[in-house]
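> Whatever this is, show me its structure:
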Amino acid sequence: MDQPTDDVVARLCGRDIADLRWHWDEAYDITWDGRFRARRLDDGATLDADTAEELDQRIRHDYVERPVSRPP
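The predicted structure is shown next:
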């Protein structure tokens, strides 16, 4: 099977980033630079992962352990 092009990978990651941001953007700055990353908006601590699903799970665990205050 052919490997996906960089353009296809970027487009797919863009969708994943949009979904993560929709759920978490008030608490984390979500980016992708070849790895998925989330930076807490309260203290700047970062999480990273190979996949969006893995980052979502890491964010959920982090948020349960230490909730990020969100604006009212």
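
> Show me what the helix or strand bottoming out on mean pLDDT in the chain is packed up against.
Across the helices and strands of the chain, mean confidence by mean pLDDT, DSSP states H and E is lowest for helix 6-24: a mean of 82. Packing partners of helix 6-24 (3 or more Cβ pairs under 8 Å, 6 or more residues apart in numbering; DSSP states H and E): strand 28-32, strand 36-40, helix 52-65. For the C-beta atoms, the positions are set from N, CA and C on the backbone; glycine is no exception.

> which parts of that helix are buried?
In terms of neighbour count (16 or more other Cβ atoms under 10 Å), helix 6-24 has its buried residues at 13, 16-17, 20, 24.

> circling back: of the helices and strands packed on helix 6-24, which approaches Thr46 most closely?
For Thr46, the closest of those is strand 36-40, at 4.9 Å, according to Cβ to Cβ.

> Next, the angle from the closest one to strand 28-32.
Going by axes from the mean of the first three to the mean of the last three Cα atoms, to 10 degrees, strand 36-40 is angled at 160 degrees with respect to strand 28-32.

> I'd like the average pLDDT over strand 36-40.
If you average the pLDDT over strand 36-40, you get 97.

> Direction included, what does that strand pair against?
Its sheet considered, strand 36-40 pairs with strand 28-32 (antiparallel), strand 46-49 (antiparallel) by DSSP bridges.

> And that strand, what's buried?
Buried residues in strand 36-40, counted by 16+ other Cβ under 10 Å: 36-38, 40.

> Let me have the residues you listed in JSON lines, extended by distance to Ile59.
Formatted as JSON lines, the buried residues of strand 36-40 follow (distance: Cβ to Cβ, whole Å):
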{"residue": "Phe36", "distance to Ile59": "10"}
{"residue": "Arg37", "distance to Ile59": "11"}
{"residue": "Ala38", "distance to Ile59": "5"}
{"residue": "Arg40", "distance to Ile59": "9"}
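
> and Asp48, how many neighbours does it have?
As a burial measure, Asp48 scores 15 neighbours (other Cβ atoms under 10 Å).
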